[in-house]
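In: Give the three-dimensional model of this entry:
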Amino acid sequence: MADLFGGPESAAPTHEVHASAPLADRLRPTRLDEVVGQDHLTGPDGAIGRMVAAGKLSSIILWGPPGTGKTTTARLLADAVGLRFVAISAVFSGVADLKKLFAEAKDHARAGRRTLLFVDEIHRFNRAQQDGFLPFVEDGTVTLVGATTENPSFELNAALLSRAQVLILRRLDHRALSQLLDRAEAVEERPLPLTPEARDALVASADGDGRFLLNQAETLFSVSFDTPLDPAGLSAFLQRRVAVYDKDREGHYNLISALHKSLRGSDPQAALYYLARMLVAGEEPLYVLRRIVRFASEDIGLADPQALVQCLAAKDAYDFLGSPEGELAIVQACLYCATAPKSNAAYMAMKSAWRSAKETGSLMPPQNILNAPTKLMKEIGYGKGYAYDHDAEGGFSGANYWPEEMSPQTFYTPTDRGMEKRIAERLAWWDERRGQAK
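Out: Presented below is the predicted three-dimensional model:
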């Protein structure tokens, strides 16, 4: 498997690169300051820059998207502080491989040379395998540098995390990706066969992945064109890159969180963008719709009771039409919720009422509101004195409905937004009448 700039993972960072080698391999940095897009780590004030300046490297976890230079950074770190570099992939390695590596590292340590063990996709090791690193990290047999595209908080053992510093590599931005293309053109000694607009489109298509960008550039360099390609020509020539999105990984939860908070913030444009991001990437439409239905109750509630109706109608429409036609109904529900007045009063009322129910246990309701289906129940007072509200003036009796051992509570406090403004006025009127009835 090649790193961001090509080459086998076990190769030494200073090996000679043949002129016929892949473009990414020819562009692999030989110094940390040549790594693009990660100045916050590799610069003089960055964590890696300071470690190198001190000549002492602690165990670290490099967390970042694909193609951001995790493997390259680990290689150059070993070279910069004079450590022996050994790389393995958690996908292809097992316990036997680790035992062999640790034994070799001990032998080298006795000879005065410490080992930097780079573990690609370290999150693929199970919890027991991750625990196996601990004694060798603690006694200095190896300096561990793990690489992962997944959130270490969820995927790595707390014990391992406590012994390593997590460093976050950023998704390569437009400037960093453009630098890679500049270097590619310098190595090839010719410009890419693209118009300026197409070049920008090529950078955008990489979605922050430098490895992907250089592979695409190499494909373009391998073909002769009569005239530079425009964006349409580039799209026709290169296969479009599928967005990075794992339905059971952090990207999934990041996007659904972004959708929910955009809806809550009444930003229909942003909400529609994140909805599109998820559906274009292949998310199950009903999963997204379930979250929007939940949103209708949690963040809108009675401020606009039609929000829930709209969402359930969208569910029925999608069930009836399927994809892609039914996705328009999901869009409609999304936009309705984003533009509706917001209130979490029902959600907060639910939490408060549930908490009170747990605290008060099995208190009996007042006898006057209990049904009395038997003679005995009538004789002991069930239903006695019940005030039938429809017979009262204004359809409101003002009776007490709370257990005798419990004072009346206020769980639901409507806002002054949307329909809840009218509900608040109604509740105030009832409270006033209830006070007069005492």
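In: so who does residue 86 touch?
Out: By C-beta atoms under 8 Å, 6 or more residues apart in numbering, the contact set of residue 86 is 10, 101, 104, 105, 115, 116, 117, 118. All C-beta atoms are positioned from the backbone trio N, CA, C, and that covers glycine.
In: run the last query once more with 10 Å
Out: Residues near residue 86 by C-beta atoms under 10 Å, 6 or more residues apart in numbering: 9-10, 78, 101, 104-105, 108, 115-119, 142.
In: The host helix or strand of it pairs with which strands, and in what direction?
Out: Using DSSP states H and E, residue 86 falls within strand 84-89. Using DSSP bridges, strand 84-89 pairs in its sheet with strand 115-120 (parallel).
In: hey, where'd the helices end up in the stretch 101-250 of the chain?
Out: Assigned helices in the stretch 101-250 of the chain, in chain order: 127-131, 134-138, 152-155, 158-162, 174-188, 196-205, 210-221, 231-237, 250-264 (criterion: DSSP state H, counting those that start in this stretch).
In: Buried residues in the fifth one, which are they?
Out: Read that as helix 174-188. 176, 177, 178, 180, 181, 183, 184 (16 or more other C-beta atoms under 10 Å).
In: which strands and helices sit next to the helix or strand harbouring residue 358?
Out: Take DSSP H and E as the rule and residue 358 turns out to sit in helix 345-360. Under the contact criterion of 3 or more C-beta pairs under 10 Å, 6 or more residues apart in numbering; DSSP states H and E, helix 345-360 touches helix 419-437.
In: Can you tell me what sits against the helix it packs on?
Out: With C-beta under 10 Å, 6+ apart, helix 419-437 has contacts from 300-306, 340-343, 345-346, 387, 392-394, 396-400, 408, 410, 412-417.
In: pull the CA atoms of it into CSV?
Out: Taking C-alpha atoms only, helix 419-437 is exported to CSV below (Å, rounded to 0.1, in the frame of the first residue of the first chain):
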residue,chain,number,x,y,z
MET,A,419,-48.7,28.2,17.8
GLU,A,420,-47.2,28.0,21.3
LYS,A,421,-47.9,31.8,21.8
ARG,A,422,-51.6,31.0,21.6
ILE,A,423,-51.2,27.9,23.8
ALA,A,424,-49.4,30.1,26.4
GLU,A,425,-52.3,32.5,26.5
ARG,A,426,-54.7,29.7,27.0
LEU,A,427,-52.7,28.2,29.8
ALA,A,428,-52.5,31.6,31.5
TRP,A,429,-56.3,31.9,31.3
TRP,A,430,-56.8,28.5,32.8
ASP,A,431,-54.3,29.2,35.6
GLU,A,432,-56.2,32.3,36.4
ARG,A,433,-59.5,30.5,36.5
ARG,A,434,-57.9,27.7,38.6
GLY,A,435,-56.7,30.2,41.1
GLN,A,436,-60.2,31.7,41.4
ALA,A,437,-61.7,28.2,42.0
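In: Please compute how far that helix lies from its chain's middle.
Out: With C-alpha atoms, centre = their mean, to the nearest Å as the basis, helix 419-437 stands 43 Å off its chain's centre.
In: same deal with stretch 71-83?
Out: Here stretch 71-83 shows a centroid-to-chain-centroid distance of 29 Å under the convention C-alpha atoms, centre = their mean.
In: Give me the buried positions along it.
Out: Using 16+ other C-beta under 10 Å as the test for burial, stretch 71-83 gives 71, 72, 73, 74, 75, 76, 77, 78, 79, 80, 81, 83.
In: List the residues that contact the fourth one.
Out: Under the criterion of C-beta under 10 Å, 6+ apart, the contact partners of residue 74 comprise 3, 9, 13, 60, 62, 85, 87, 116-120, 145-147.
In: Tell me if it really is in a helix.
Out: Yes - assessed with DSSP: H, G, I helix; E, B strand; the rest coil, residue 74 lies in a helix.
In: roughly how far apart are it and residue 194?
Out: Distance of residue 74 to residue 194, computed by C-beta to C-beta, to the nearest Å: 32 Å.
In: cool, and the third one?
Out: Taking C-beta to C-beta as the measure, residue 73 and residue 194 are separated by 29 Å.
In: Check the last one too.
Out: Relative to residue 194, residue 83 is positioned 41 Å away (C-beta to C-beta).
In: Same check on the first one?
Out: Counting by C-beta to C-beta, the separation of residue 71 from residue 194 is 28 Å.
In: Touching, residue 78 and residue 118? I think so.
Out: Yes - taking C-beta atoms under 10 Å as the definition, residue 78 is a contact partner of residue 118 at 7.7 Å.
In: Around the closest residue to residue 41 other than its chain neighbours, count how many other residues there are.
Out: Closest residue to residue 41 apart from its sequence neighbours, by C-beta to C-beta, 6 or more residues apart in numbering: residue 48 at 4.6 Å. The local packing of residue 48 (other C-beta atoms under 10 Å) involves 23 other residues.
In: Need the per-residue pLDDT for residue 48.
Out: With respect to pLDDT, residue 48 has a value of 93.
In: send the alpha carbons of the strand or helix carrying it over as CSV?
Out: Taking DSSP H and E as the definition, residue 48 sits inside helix 47-54. Extracted C-alpha coordinates of helix 47-54, given in CSV (Å, rounded to 0.1, in the frame of the first residue of the first chain):
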residue,chain,number,x,y,z
ALA,A,47,3.8,19.4,18.4
ILE,A,48,5.9,17.5,15.8
GLY,A,49,8.2,20.5,15.2
ARG,A,50,8.9,20.8,18.9
MET,A,51,9.5,17.1,19.3
VAL,A,52,12.0,17.1,16.4
ALA,A,53,13.7,20.3,17.8
ALA,A,54,14.1,18.5,21.2
